[in-house]
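Chemist: Sequence first, then the predicted structure:
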Amino acid sequence: VQSVDAAEFIIFAGSSYAEISSACCGSLLSPEQGATLIIMVDRISNADGVLRLQLSGPGVKDSCDLFINGLEQKNLGIISQLNSEFPLGVDVIYTDGSGNIACVPRSSSMCWEVKG
C-alpha cells in the first residue's frame with residue numbers, strides 16, 4: 001500500500017468521501033506524471049442521473065453532459081482543485097457495475113449540479 005501522494009493510480013468508491021487532496025498532480029516538467037483516479041460509481045449515463053457533470057475543453061465540441069449516480073460531491077470539489085493549475089492535475093476514470101466507463105482528462109473543465 002502506497003501513500004496517496006506517491007500513487008500513480010488511486011481506486012475508490014465514489015459514494016463516500018475519499019482523502020485524495022494530496023494526490024500527485026505531476027510537475028511543470030512532467031505533468032503527465034499526475035495520478036489517475038479510478039472512481040467506482042453506481043451508474044453512468046448520458047441521459048439522466050442524480051449528479052450532472054457538464055464537461056468542456058479540448059476534445060469536447062462545445063460541451064457535453066455526463067450523469068452519474070453514486071458520486072460524493074466533495075470528491076468533485078477536490079478533483080476540481082487538483083486540476084485548477086493546468087497542465088498539472090489528475091485524470092479521472094469513472095466506471096460502474098454495468099461496464100460503462102467515462103474518462104475525463106485533466107484538461108477538461110467541469111461544473112456540476114445535483115438534481116432533485
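Modeler: That came in fine, so what should we check first?
Chemist: Neighbours of L51, how many?
Modeler: 20 (other C-beta atoms under 10 Å). Backbone N, C-alpha and C define where each C-beta goes, glycine included.
Chemist: tell me the pLDDT at it?
Modeler: Here the pLDDT value assigned to L51 is 95.
Chemist: So it sits against L71, correct?
Modeler: Yes: using C-beta atoms under 8 Å, L51 is in contact with L71, at 5.4 Å.
Chemist: Would you map the helices across this structure?
Modeler: Along the chain, the stretches classed as helices by DSSP state H are 73-82.
Chemist: Break down it into its strands, ranges please.
Modeler: 9-13, 36-41, 43-45, 51-57, 60-69, 91-96, 101-104, 109-114 (DSSP state E).
Chemist: L76: which of those is closest?
Modeler: strand 109-114 (5.6 Å; C-beta to C-beta).
Chemist: so who does the spatially most central residue of the chain touch?
Modeler: In the chain, the C-alpha nearest the mean C-alpha coordinate belongs to V92, at 3.8 Å (C-alpha atoms, centre = their mean). By C-beta atoms under 8 Å, 6 or more residues apart in numbering, V92 lies in contact with T36, L37, I39, I79, C103, V104.
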